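Need coordinates for the following:
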Amino acid sequence: MMDEAKRAGESVMVRRAEAGDAALLAELGARTFYETFVESCSPEDMHAFLSATYSVELQAAELEDARSTFFIAEVGGQPAGYAKLHAGEAPASVCGAEPVELARLYVVVEWHGRGVGEALMRELLDEARRKRWQTIWLGVWEHNERAKAFYRKWGFEVVGSHVFRVGDDAQTDLLMARAL
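Okay, here's the model as predicted:
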């Protein structure tokens, strides 16, 4: 394992995910979701959600979906997080023109606070502007204070809420949006 000082000095590289990254996205998605929410879900609900959301086959299908764009952040050649934009229908409370969803932005816990989330966000915003979207929106669990603060720092504001299911647990996600 690299020593802490060396890891802290390495730069974050963000690349567009490719078809061959399905297994990596499945592993990163399951790992980061579990790390972030294990304390707030029953083991049964967590297992159901991870099984339904992060299979290699599902990630391969999402990578093939022309409406979705994935980015992978790496530090020293090791995956540190990933993000997904998805061009689909926005909820009614997202009022801005030409909306795109920031569907996922997950960072491996050991890389929190080290610029990985910022690098991914910059790439997402740049991509959204390149594609000429005018509004970016997301859902964030109402009790995820760290994530809400991060998004507020990037100019996102709460515009509504919706139900997000983790297994059988119906949770409330706040919908946040900002103009591009």
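
does the nearest residue to Glu62 once chain neighbours are set aside have beta-bridge partners, and which?
Of all residues not flanking Glu62 in the chain, Ser68 sits nearest, at 5.4 Å (C-beta to C-beta, 6 or more residues apart in numbering). The way it works is simple: take the backbone N, C-alpha and C, and place the C-beta from them, glycine included. Beta bridges link Ser68 to His86, judged by DSSP bridges.

tell me the contacts of Ser68?
62, 84-87, 103 (C-beta atoms under 8 Å, 6 or more residues apart in numbering).

List the buried residues for the strand or helix carrying Pro79?
Assigning secondary structure by DSSP states H and E places Pro79 in strand 78-86. Residues of strand 78-86 classed as buried: 79-85 (neighbour count, 16 or more other C-beta atoms under 10 Å).

ok, now stretch 65-74?
Here stretch 65-74 shows 68-74 as buried, counting by 16+ other C-beta under 10 Å.

which among the residues you listed gets closest to Pro91?
Ser68 (17.7 Å; C-beta to C-beta).

quick one on the thing from earlier: could you list which of the buried residues of stretch 65-74 belong to strands?
Counting by DSSP state E, the buried residues of stretch 65-74 place 68-74 in strands.
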